[in-house]
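Asker: after the sequence you'll find the predicted model.
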Amino acid sequence: MQRNSKAEKVVCGVCGRTSPRREMISVDLVRPAIADDLDKTHPDWRKSGWLCLEDLQSFRRRSLEDLIRRERGELTDLDRSVVDSMATHETLSENVADVYEEKLHFGDWLADRMASFAGSWIFITLFGVILVGWMALNTVPAIFRQFDPYPFILLNLVLSCIAAIQAPLIMMSQRRLETKDRLRSENDYQVNLKAELEIRHLHEKIDHHLVRQWERLAEIQDMQLELLENTITNRRR
């Protein structure tokens, strides 16, 4: 009996398409905000008692877009991606570092590695040892042949070249770090916005179900009172 009820064909009150019952949703389970939009565009949508999932997703997307527009005044690309993920029940959280590494070119990777090495104590120690050795080789003429005597003009040129190369490498690495931080902040914004909207929808669903339960309880209570009155009347007769 349960399989037959699920395979039963029902009609969507919006598009009029006939589909199995498992692909439909009862009109009683539609959230009030979406139901209000459906009442405006399709006044007779409740008559069939069912709504297909495609129309539900479409009106859910429209309801979310209207909600964001009312609160922010505009709808950005990030907001649209959040709305689409909620309509299709997709996840937004992702590892930004992995996505960023996939788009990294060899030159970018090399610049990051060189900038990372230039900002370490290993580089500072090696650089200090080379400087001390360079100056020692050129200040002891009795042992070594001087190739850059005091005031070490060639050493100054080498240091200037190293500084000139290091500066753009560090700037390239910082720019990519800013790009990674921007991607991370955009992903955090999308996840937070989706969580906020989902929590709001959960509150609406809970309130809607509570109202429906109170209505059902009131109907059951009225039926019980009616049965009780009928029983008392029959006994008196």
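Answerer: Okay, I see it.

Asker: when you work out contacts or count neighbours from here on, use the C-alpha atoms and nothing else.
Answerer: Noted.

Asker: flag the shaky bits of this protein, pLDDT-wise.
Answerer: In the predicted model, the chain carries pLDDT under 70 at residues 1-7, 87-104, 141-144, 204, 207-211, 215, 236-237.

Asker: which parts of it are helices?
Answerer: Taking DSSP state H as the test, the helices found in the chain are 2-7, 32-41, 53-72, 77-88, 96-102, 106-118, 121-137, 153-236.

Asker: tell me the domain boundaries of this structure?
Answerer: What automatic domain parsing lists as the domains of the chain is 1-73, 98-174.

Asker: closest one to residue 191 among these?
Answerer: Using CA to CA as the measure, domain 1-73 is the one of those that comes nearest residue 191, at 14.8 Å.

Asker: check the offset of the closest one from the chain's centre.
Answerer: 25 Å (CA atoms, centre = their mean, to the nearest Å).

Asker: contacts only, for the closest residue to residue 51 other than its chain neighbours.
Answerer: In this structure, residue 51 finds its nearest non-sequential neighbour in residue 12, 4.6 Å apart by CA to CA, 6 or more residues apart in numbering. Residue 12 makes contacts with 18-19, 24, 45, 48-52, as judged by CA atoms under 8 Å, 6 or more residues apart in numbering.

Asker: for ChimeraX, write the select line for the buried members of the residues you listed.
Answerer: Selecting only the buried entries of the contacts of residue 12 in ChimeraX, with 16 or more other CA atoms under 10 Å as the criterion:
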select :19,24,45,50,51,52
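
Asker: and the furthest pair within the contacts of residue 12?
Answerer: Taking every pair in the contacts of residue 12 and measuring CA to CA, the maximum separation is 15.6 Å, between 19 and 45.

Asker: re the thing from before, closest one to residue 146 among the helices of the chain?
Answerer: Nearest of the helices of the chain (CA to CA): helix 121-137, 6.8 Å.

Asker: how about that closest one: buried residues?
Answerer: 134-135, 137.

Asker: show me which of the residues you listed is closest to residue 187.
Answerer: Ranked by distance to residue 187 (CA to CA), those are led by residue 134 at 50.2 Å.

Asker: so who does the closest one touch?
Answerer: Shown in contact with residue 134 (CA under 8 Å, 6+ apart): residue 155.

Asker: just to revisit the earlier point, can I get the buried residues of helix 121-137 in TSV with distance to residue 32?
Answerer: Below are the buried residues of helix 121-137 laid out as TSV (distance: CA to CA, whole Å):
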residue	distance to residue 32
134	80
135	81
137	85
